[in-house]
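1. got a predicted model here, sequence first, then my questions.
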Amino acid sequence: MKMWKYLIAVIIFGCSSDKDPNNKIIAKYKDAQLTVGLLKSMLPNNLSTLDSARIAGLFIDQWIADQILVNEAKSKIPNLEKTIEPMLQNYKDKLMVIELKKLYVKELNEKDIPEDTLLAWYEKKKSSFVAGENYYKCYYIMTDRTDTPEIRQRLKATKDEDFNIVKNWCEKNKVYHHLEDNWISHQVFQKKIQSKIPTQNYSILPPSATVHFAITNYPKPVFHFFLMIDVIKAGQPLPYELVKEQVKTLVIHEKSNKGFEEYAKQLLLKVKSNNEVQFFD
């Protein structure tokens, strides 16, 4: 079977002189044929050659087992194919409608949804977006340099100029810092900030304009500057900026369901008004 899997990989990924390699027959049982094209359609994308061969081998085994049962069913149940033909057609029709809806959703995804629409939806559903842990907005700097550019004063200043001076100084001197305005989860907070100074429990500090200062020895003096800007407690609603993409996905889902129903309704009205449906006695 290992050699068979290798040969499968060569068939699928190797070169072929056939005009259409997808028509190449891999296995056959009675009148049923398994082609390269059918096999490819059943394999997941982005697999390595080895994984594709392994999965292809499993699929071939299953295909053979299924065809044996299909042949047994045909031999024991009269007119089986005629019996299931209406069901197959109904299933085929439903699959086509599903594909049409996928196209509708894809086109909806490509359209820009106004920010005020997303915000309005978020405000109505805000209670559904609950924080499972604390989230923080904060600034933190850790350095062993003594030439700090009045960090404590500039961090709490409201002018962008002061903040940029501190941030540029940190980046220029490769000083460890967290000077982003985005929210970070408690888990990230512990990893990026709290782990640097375990003697201080910064997570319990309330938002304030006070820049906390501490010194540790690693073995030489290291200076820590921390400013808590805002906190969201576990159980409180998450802010819009944290769930914006999730909100957009949900809005699209909601719009796609309602919109597709309306789209189908308008198509039906159009067809009826044009008398495109024929009825026979």
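-> Sure, I can see it.

2. could I get the average pLDDT for stretch 69-82?
-> Summarised as a single mean, pLDDT over stretch 69-82 is 93.

3. first-to-last residue distance for that stretch?
-> Stretch 69-82 has its terminal residues 18 Å apart, counting by C-alpha to C-alpha, to the nearest Å.

4. so what's the gap between it and the chain middle?
-> Here stretch 69-82 shows a centroid-to-chain-centroid distance of 43 Å under the convention C-alpha atoms, centre = their mean, to the nearest Å.

5. residues making contact with it?
-> 29-30, 32, 83 (C-beta atoms under 8 Å, 6 or more residues apart in numbering). For the C-beta atoms, the positions are set from N, CA and C on the backbone; glycine is no exception.

6. which of those residues fall in helices?
-> Members of the contacts of stretch 69-82 lying in helices (criterion: DSSP state H): Thr83.

7. and the helices in the stretch 1-150 of the chain?
-> Ranges of helices within the stretch 1-150 of the chain are 2-13, 36-42, 49-76, 80-109, 115-125, based on DSSP state H, counting those that start in this stretch.

8. for the last one, packing partners?
-> Okay, so that is helix 115-125. helix 240-273 (3 or more C-beta pairs under 8 Å, 6 or more residues apart in numbering; DSSP states H and E).

9. which one is Cys170 nearest to, not counting chain neighbours?
-> His177 (4.2 Å; C-beta to C-beta, 6 or more residues apart in numbering).

10. what residues are bridge-paired with the one you found?
-> Ile141 (DSSP bridges).

11. measure it to Ile151 for me?
-> 10 Å (C-beta to C-beta, to the nearest Å).

12. thinking again about what came up before, can you put the contacts of stretch 69-82 in a markdown table and add neighbour count and distance to Val231?
-> Shown next, in a markdown table, are the contacts of stretch 69-82 (neighbours: other C-beta atoms under 10 Å; distance: C-beta to C-beta, whole Å):
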| residue | neighbour count | distance to Val231 |
| --- | --- | --- |
| Tyr29 | 15 | 66 |
| Lys30 | 10 | 70 |
| Ala32 | 14 | 65 |
| Thr83 | 10 | 66 |
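
13. and which of the contacts of stretch 69-82 is nearest Leu58?
-> Relative to Leu58, the closest of those is Tyr29; by C-beta to C-beta it sits at 16.8 Å.

14. who is that closest one paired with across the strands?
-> Ala32.

15. list the residues that contact it.
-> Taking C-beta under 8 Å, 6+ apart, one finds 64, 67-68, 71 in contact with Tyr29.
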